[in-house]
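1. take this sequence and fold it.
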Amino acid sequence: MDFHLELIVLPVADVDRARDFYRRIGFHEDLDYVGGPDFRVVHVTPPGSACSIVFGTGIGTAEPGSVENVHLVVRDIEAARAFLLARGVPVSEVFHDADGIFHHGGQEKRAPGLYPGRLSYASFASFADPDGNGFLLQEVTERRR
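-> Numbering: from 1, shown residues only. Okay, here's the model as predicted:
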């Protein structure tokens with residue numbers, strides 16, 4: 001049985017501001033549908049991804065900015081960080097977890113720099129959209145399957 005994760009709903013306060021942000025960082029706008037004064041759906045997809053993001057009006061009840069740790073997997077975290085910075089997005093320095101491979105919640109266990117030996121899955125950088133929904137860049141150079 002295959003299960004395909006294809007959509008994440010993000011709560012935002014200002015749909016146009018969110019749409020402009022995701023466009024600015026290179027996401028493809030798949031749909032911007034208005035179904036009345038209380039219903040709007042914007043569907044965007046990160047470049048190269050099979051999973052998309054949806055935000056809008058009347059599509060959920062979560063508080064704007066309440067989503068955290070959405071991972072955007074990249075092959076080169078330093079290049080991805082530079083790409084976002086060039087588009088005006090504040091991005092943390094690259095970090096790894098002080099106690100292991102995967103990051104702990106919060107910032108307490110963050111160690112600066114790439115994971116020693118640049119082990120796949122172990123280096124991160126964080127940023128947020130204008131509402132505060134949190135994203136992590138995660139460097140994956142070799143898949144373990």
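
2. leaving out the residues flanking it, which one is nearest to V70?
-> Leaving aside its chain neighbours, V70 sits nearest to F135 (5.0 Å; criterion: Cβ to Cβ, 6 or more residues apart in numbering). Using the backbone N, CA and C atoms, a C-beta is placed for each residue, glycine as well.

3. no no, H104
-> D97 (6.0 Å).

4. and if you look at S126?
-> Per Cβ to Cβ, 6+ apart, closest to S126 is S92, 4.5 Å.

5. pLDDT score for the one you found?
-> The per-residue pLDDT reported for S92 equals 97.

6. any idea whether it is helix, strand or coil?
-> coil (DSSP: H, G, I helix; E, B strand; the rest coil).

7. pLDDT weak spots in the protein?
-> 145 (pLDDT under 70).

8. which parts of it belong to which domain?
-> 1-59, 68-145 (automatic domain parsing).

9. need those in a markdown table (columns: mean neighbour count).
-> What follows is those, written out as a markdown table (neighbours: other Cβ atoms under 10 Å):
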| stretch | mean neighbour count |
| --- | --- |
| domain 1-59 | 14 |
| domain 68-145 | 15 |
